[in-house]
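Peer 1: fold the stuff below for me.
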Amino acid sequence: MKIQKFIIIGVGATIFYAFFLFLSDFNLVSEKISNFNVIFLPIILFLVPLSWLTIFFRWHILLKNSDIRIPIKNSFGIYFAGLGLSITPGHVGELVKAHLLKKQFKIPITKSAPIILIEKFYDLVGALVASILGIWYFENGAYLIMFGLLLLGIIFSFISSRWLFNKLINTVTKIKFLRNYEENFLNSYDVLKNSRGRKIGLISSVLSVLYWMINGLIVLCVLIALDITNVNYLVATTTYSLSGIIGALSFIPGGIGITEGSMTGLFSLHGVEVNTGIILGVLIRFFTLWISVFVGFICLKLVGGFLIKD
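Peer 2: Just a heads-up that it's a prediction; the model follows:
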């Protein structure tokens, strides 16, 4: 795995955030950061890893459901190594988890790669359910949910029909990065089907919703720490969830810029000034994205992910 690519993304993100904050009032940025109520910091730093654990357990359960049984310690390291590459377009870098399972436990990529795909499906399910919680606080918010449900329906159709699934794989594997995975993906339909059964589907969906709701609590804590009290928990959760969906659909690495901009716009609908919204977007993404990427890079190094060839 070429670390230079991700260093470039990190440097690009730093430059972008610097420009993003430059668009805001410097004095306001300085004032907001200096007035951040640090009493909420321990709460936020408790909630951040708690959110990771919900989706880690989802991953581990999906592995067991596909009869992939590995020690939980190894499963933990491999999963968190994938978080380090979650800033890649469409999260395709998380396929490193499949490589690590093959390298360490001789598990065929055919068997593990579809689990990574189904994780994204459940991420969308969780985000949509969490968004619905407070959508009625947003004007025309129902249209966004309808769009999300339509997207969810389309994805479900592709993983429910082998013919549609094969057509999709034949199309997406024309992308250079995914070309070498075509045979693995084509042979993975049965794993996908097995991962959306009634029981495993319910458990995975509940854990996914819990993940987004915990992140909603993180967002609320950041708001209160900055003395913004006119945004309630439901609005905070919906804003974060919808912004996450929009950022993911952009296929920009980590949704950088699109997610923060969406949050700024949605917060502005509830009386938060645009300049303040920009600061909020950057802080929220620091806690909900960049800490996990940093921890993921450490895990990636520890489990030998950087030694894997593209």
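Peer 1: for the rest of this, base every contact and every neighbour count on C-alpha atoms.
Peer 2: OK.
Peer 1: what sits against G261?
Peer 2: When contacts are counted by CA atoms under 8 Å, 6 or more residues apart in numbering, G261 touches 278, 281.
Peer 1: quick one: end-to-end length of stretch 261-280, please.
Peer 2: From its first residue to its last, stretch 261-280 covers 10 Å (CA to CA, to the nearest Å).
Peer 1: quick one: buried residues of stretch 125-136?
Peer 2: For stretch 125-136, burial by neighbour count (16 or more other CA atoms under 10 Å) applies to 125-132, 134-135.
Peer 1: again, but for stretch 69-76
Peer 2: For stretch 69-76, the neighbour count (16+ other CA under 10 Å) marks 75-76 as buried.
Peer 1: what's the answer for stretch 244-255, then?
Peer 2: The neighbour-count criterion (16+ other CA under 10 Å) identifies 244-248, 250-255 as the buried residues of stretch 244-255.
Peer 1: cool, and stretch 49-68?
Peer 2: Counting neighbours by 16+ other CA under 10 Å, stretch 49-68 gives 50-63, 65-66 as buried.
Peer 1: longest helix in this structure, please.
Peer 2: The residue-count maximum for a helix in the chain (DSSP state H) belongs to helix 198-225.
Peer 1: could you give the angle of the next helix or strand after it to helix 198-225?
Peer 2: With elements assigned by DSSP states H and E, the helix or strand that comes after helix 198-225 is helix 233-250. In this structure, helix 233-250 runs at an angle of 110 degrees to helix 198-225, with axes from the mean of the first three to the mean of the last three CA atoms, to 10 degrees as the basis.
Peer 1: report all helices and strands that helix 233-250 contacts.
Peer 2: In this structure, helix 233-250 makes packing contacts with helix 109-134, helix 198-225, helix 258-268, judged by 3 or more CA pairs under 8 Å, 6 or more residues apart in numbering; DSSP states H and E.
Peer 1: name the nearest residue to L210, sequence neighbours excluded.
Peer 2: Sequence neighbours aside, T54 is the residue nearest to L210 in space, at 7.1 Å (criterion: CA to CA, 6 or more residues apart in numbering).
Peer 1: wait, what's in contact with that neighbour?
Peer 2: T54 sits next to 207-208, 210-211 when contact means CA under 8 Å, 6+ apart.
Peer 1: can you check N194 too?
Peer 2: Applying CA under 8 Å, 6+ apart, we find N194 in contact with 65-66.
Peer 1: before we move on, the earlier item: check which helix or strand covers the residue nearest to L210.
Peer 2: With DSSP H and E as the criterion, the answer for T54 is helix 41-65.
Peer 1: what about that helix, average pLDDT?
Peer 2: In this model, helix 41-65 carries a mean pLDDT of 95.
Peer 1: that helix vs helix 109-134, what angle?
Peer 2: The directions of helix 41-65 and helix 109-134 differ by 130 degrees, with the same axes, to 10 degrees as the criterion.
Peer 1: tell me how far helix 41-65 lies from the chain's centre.
Peer 2: Using CA atoms, centre = their mean, to the nearest Å, we find the averaged C-alpha position of helix 41-65 to lie 12 Å away from the chain's own average C-alpha position.
Peer 1: so where's this structure shaky on pLDDT?
Peer 2: By pLDDT under 70, the low-scoring segments of the chain are 1-31, 89-90, 139-142, 144-145, 148, 172-189, 304-310.
Peer 1: which of the buried residues of stretch 125-136 lies closest to I78?
Peer 2: Here the nearest of these to I78, counting by CA to CA, is G126; it sits at 22.4 Å.
Peer 1: kindly provide the distance from the residue lying closest to that closest one once chain neighbours are set aside to F105.
Peer 2: Among residues not flanking G126 along the chain, V209 sits closest, at 4.0 Å (CA to CA, 6+ apart). For V209, the distance to F105 equals 30 Å [CA to CA].
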